[in-house]
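**Q** Task: produce atomic coordinates for the following.
(one chain, ligands or ions: 3)
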Amino acid sequence: MNIELPFSLYAERRSRVAAAIGPNGVALIPTALERPRNRDSDFLFRHDSYFYYLTGFTEPNAWLVITGDGASTLFCAPKDLEREIWDGYRLGPGAAIEALGVQSAYAIGELDTRLPRLLENRDAVWYPFAIHAGLEARVGEWLNQVRARVRYGALCPEQQRDLCTVLDEMRLIKDAHEQDIMRRAARISAHAHVRAMKLSARMLREGKDVREYHLDAELLHEFRMHGSQYPAYTSIVAAGANACVLHYRAADTPLCAGELVLIDAGCELDGYASDITRTFPADGRFTGPQRTLYDLVLASQEAAVAATRAGARFNDPHDATVKVLAQGMLDVGLLDRNKVGGVDDVIEQRAYFQFYMHRTGHWLGMDVHDCGSYVEPSQVGEVSERKDPLSGEVIRNRPSRVLKPGMVLTIEPGIYVRPAEGVPEAFHNIGIRIEDDAIVTAGGCELITRDVPVKAAEIEALMQA
Ligand code: GLY
Ligand code: MN
Ligand code: MN
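**A** Ligands and ions are numbered 1, 2, ... in the order given. Down below sits the predicted model:
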């Protein structure tokens, strides 16, 4: 169990939910399901982020119900000595009231009998839409049971509302407690990247066979040695040309002197993700063409960092990145001016997309691709249309989100060069991404992942030390 905080933090969040759903609303929030992996082995359980955000409770088999009057009810696994001998400690409903600060707690087995009563005489039932398979049907069954009692004067909720709209806005701004955990997660991940870089150079120096999985193991070791529960997502360790596969995993490709390694890995700590990418020469020395592209990606990241501050739009760092990358692709000869024109044409026609095909960032928080609308809520009605030059598809744009202090996002430009006609051979199969995590502040942003160096010369110095 992971309840380190005074539960007032979670109680305060539940009060905000109660206020948002109104005095006659009721909100249902299940935690995640346990999922079978093969035969009688399960995947490692990971709580649902919304549920954890409101309870701090990490056990499976639990539901939270919040009613508009501010009361919270927890359903959880009951104490059971035999099951606890096999599966471990359970808090149990008896202790939950004091430990979690909820007003009532019952065994999970009572959910189906108690839920209809909790829904009765409410206007609206709120729950996260399209997150938990089967939840909609289950709510339908409970509502049907309420309907069976209308002849006795019971009222049945007339509305079903998406609770994500409330919780996503709350989770988008990270409070001081959340920022503190995220800084710690980022630091652990940064140190793991440093270790992986050093291991690569050391094993090559010693003439050893070093493979992607060795670095994957090194990352995991550092995460766990510092209390991280698990990686925040499946680590990418990509040697050489594998870096051009965006969702590559760590497999068994050998690392070779003269080639780059791309690592995208971050730990999860106490429910919060970190997300770092570094690209480095396997033996600690960039070649000329590698260094040219590396410095270009880094310059584009610096432009994005400079564009990240309260009051700017979420898209501003991406636009700043694209400007630098597009100009750089022309300068180094990845794109041919005679074919694609100047930098404005490259951007307008999206010619850079051949080498840079993803966005420059995403929200980061409990989930690595965290929740939160990327559209500015006050401007959802301001729709403009444009035709995408590559696909011909008509895109409906809405103004991008205005950044506020406490929002956390990644800044992760890259360049991926697959061999193709007209592409200088010296750059073939080079894949580079540089990713840092940023907390938006009033005047700019705080990069929380810089315990691992990012400048080419500093990476070289570290790996050769
Ligand atoms: N590691 C996932 C991402 O960078 O978006
Ligand atoms: Mn990312
Ligand atoms: Mn990443």
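**Q** ok, the closest residue to ligand 2 within the stretch 51-200 of the chain to ligand 3 distance?
**A** Closest contact between the stretch 51-200 of the chain and ligand 2, by C-beta to the ion, is at Ser189 (11.7 Å). The C-beta positions use only the backbone N, C-alpha and C, and glycine is treated the same way. Applying C-beta to the ion, to the nearest Å, the value for Ser189 to ligand 3 is 10 Å.
**Q** Ligand 2 contacts on this structure?
**A** Residues of the chain lying close to ligand 2 by C-beta under 5 Å from the ion are Asp275, Thr410.
**Q** Mind telling me which residue is nearest the centre of the chain?
**A** Val368 (1.1 Å; C-alpha atoms, centre = their mean).
**Q** My guess is that one contacts Thr234. True?
**A** No: at 10.1 Å, Val368 does not count as touching Thr234 under the criterion of C-beta atoms under 8 Å.
**Q** what residues does the chain put near ligand 1?
**A** Contact residues, the chain versus ligand 1 (C-beta under 6 Å from any ligand atom): Tyr233, Asp264, Asp275, His362, Val368, Glu412, Glu435.
**Q** Most neighbours among the residues you listed, which one is it?
**A** Tallying neighbours with other C-beta atoms under 10 Å puts Asp275 at the head of the residues of the chain next to ligand 1, with 27 neighbours.
**Q** Let me see the backbone angles for the closest residue in space to that one that isn't next to it in sequence.
**A** Using C-beta to C-beta, 6 or more residues apart in numbering and skipping the chain neighbours, the partner closest in space to Asp275 is Gly266 (4.3 Å). The phi and psi values for Gly266, taken as degrees, to the nearest 10, are phi -150, psi 150.
**Q** Could you check the pLDDT of Gly266?
**A** As predicted, Gly266 sits at a pLDDT of 98.
**Q** Distance of Pro36 relative to Gln103?
**A** Note on Pro36: its distance to Gln103, by C-beta to C-beta, to the nearest Å, is 34 Å.
**Q** ok, which stretches of the stretch 151-300 of the chain are helices?
**A** With DSSP state H, counting those that start in this stretch as the criterion, the stretch 151-300 of the chain has helices at 164-172, 176-205, 212-225, 288-306.
**Q** hmm, I was thinking of the stretch 351-465 of the chain
**A** Under DSSP H, counting those that start in this stretch, the stretch 351-465 of the chain gives helices at 456-464.
**Q** Residue in it with the shortest distance to ligand 2?
**A** Relative to ligand 2, the nearest point of the stretch 351-465 of the chain is Thr410 (4.1 Å; C-beta to the ion).
**Q** tell me the pLDDT at that residue?
**A** Predicted confidence (pLDDT) for Thr410: 99.
**Q** Skipping adjacent residues, who's closest to it in space?
**A** In space, Thr410 is closest to Gly361, 4.5 Å off (C-beta to C-beta, 6+ apart).
**Q** got a list of what that neighbour touches?
**A** Residues near Gly361 by C-beta atoms under 8 Å, 6 or more residues apart in numbering: Ala304, Phe314, Pro317, His318, Leu409, Thr410, Ile411, Glu412.
**Q** From those, pick the one nearest Asp216.
**A** Glu412 (19.6 Å; C-beta to C-beta).
**Q** so that closest one sits right up against Tyr356, yeah?
**A** No: counting by C-beta under 8 Å, Tyr356 is not a contact partner of Glu412; they are 10.8 Å apart.
**Q** Can you tell me how far the residue nearest to Arg401 when sequence neighbours are not counted is from ligand 2?
**A** Distances taken as C-beta to C-beta, 6+ apart place Phe314 nearest to Arg401, at 4.3 Å, with adjacent residues excluded. Going from Phe314 to ligand 2 by C-beta to the ion gives 14 Å.
**Q** burial count for Ala107?
**A** The number of residues packed near Ala107 is 17, by other C-beta under 10 Å.
**Q** Setting the sequence-adjacent residues aside, check what's closest to it.
**A** Pro78 (3.9 Å).
**Q** so what's that neighbour up against?
**A** Arg90, Gly92, Pro93, Ala107, Ile108, Gly109.
**Q** Hmm, the residue of the stretch 351-465 of the chain closest to ligand 2 is touching His358, no?
**A** No: taking C-beta under 8 Å as the definition, Thr410 is not a contact partner of His358, at 11.0 Å.
**Q** More neighbours: which of those two?
**A** Each of Thr410 and His358 has its neighbours counted (other C-beta under 10 Å); Thr410 has more, 25 against 14.
**Q** Pairing partners for the more buried one in the sheet, please.
**A** Taking DSSP bridges as the rule, Thr410 bridges to Asp437.
**Q** Please report how far it lies from Ala265.
**A** For Thr410 relative to Ala265 (C-beta to C-beta), the value is 13 Å.
**Q** that older thread, who has more neighbours, Pro36 and Gln103?
**A** Set Pro36 next to Gln103 and count neighbours by other C-beta under 10 Å: Gln103 wins out with 15 against 10.
**Q** Tell me which residues touch the more buried one, please.
**A** Gln103 neighbours (C-beta under 8 Å, 6+ apart): Ala71, Ser72, Thr73, Ile97.
**Q** Which residue comes closest to the first one once chain neighbours are left out?
**A** Leaving out its chain neighbours, the residue that sits closest to Ala71 by C-beta to C-beta, 6+ apart is Gln103, at 4.4 Å.
**Q** Just the pLDDT for that neighbour.
**A** pLDDT, read off for Gln103, is 97.
**Q** Distance check, it against Leu54.
**A** Distance from Gln103 to Leu54, by C-beta to C-beta: 14 Å.
**Q** which residue does the stretch 151-300 of the chain bring closest to ligand 2?
**A** For the stretch 151-300 of the chain, C-beta to the ion, closest residue to ligand 2: Asp275, 4.2 Å.
**Q** Let's see the pLDDT reported for Val150.
**A** pLDDT, Val150: 89.
**Q** And Glu4, by the same measure?
**A** 51.
**Q** Which parts of stretch 205-213 count as buried, going by neighbours?
**A** Residues Val210, Arg211, Glu212 are the ones in stretch 205-213 that count as buried (16 or more other C-beta atoms under 10 Å).
**Q** got it, and stretch 86-101?
**A** So stretch 86-101, judged by 16+ other C-beta under 10 Å, has buried residues Arg90, Leu91, Gly92, Pro93, Ala96, Ala99, Leu100, Gly101.
**Q** Filter the residues you listed to keep only those in contact with ligand 3.
**A** Applying C-beta under 5 Å from the ion to the buried residues of stretch 86-101, none is adjacent to ligand 3.
**Q** In strands, which of those appear?
**A** In strands, defined here by DSSP state E, there are no members of these.
**Q** I'd like those written out as CSV, with distance to Asp168 added.
**A** Formatted as CSV, the buried residues of stretch 86-101 follow (distance: C-beta to C-beta, whole Å):
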residue, distance to Asp168
Arg90, 30
Leu91, 28
Gly92, 31
Pro93, 29
Ala96, 26
Ala99, 27
Leu100, 23
Gly101, 23
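**Q** I'd assumed Ile276 was in contact with the residue of the stretch 51-200 of the chain closest to ligand 2.
**A** Yes: contact between Ser189 and Ile276 holds when scored by C-beta under 8 Å: they sit 5.0 Å apart.
**Q** who's more crowded, those two?
**A** Ser189 (31 against 28).
**Q** what about that one, distance to Arg16?
**A** Distance from Ser189 to Arg16, by C-beta to C-beta: 30 Å.
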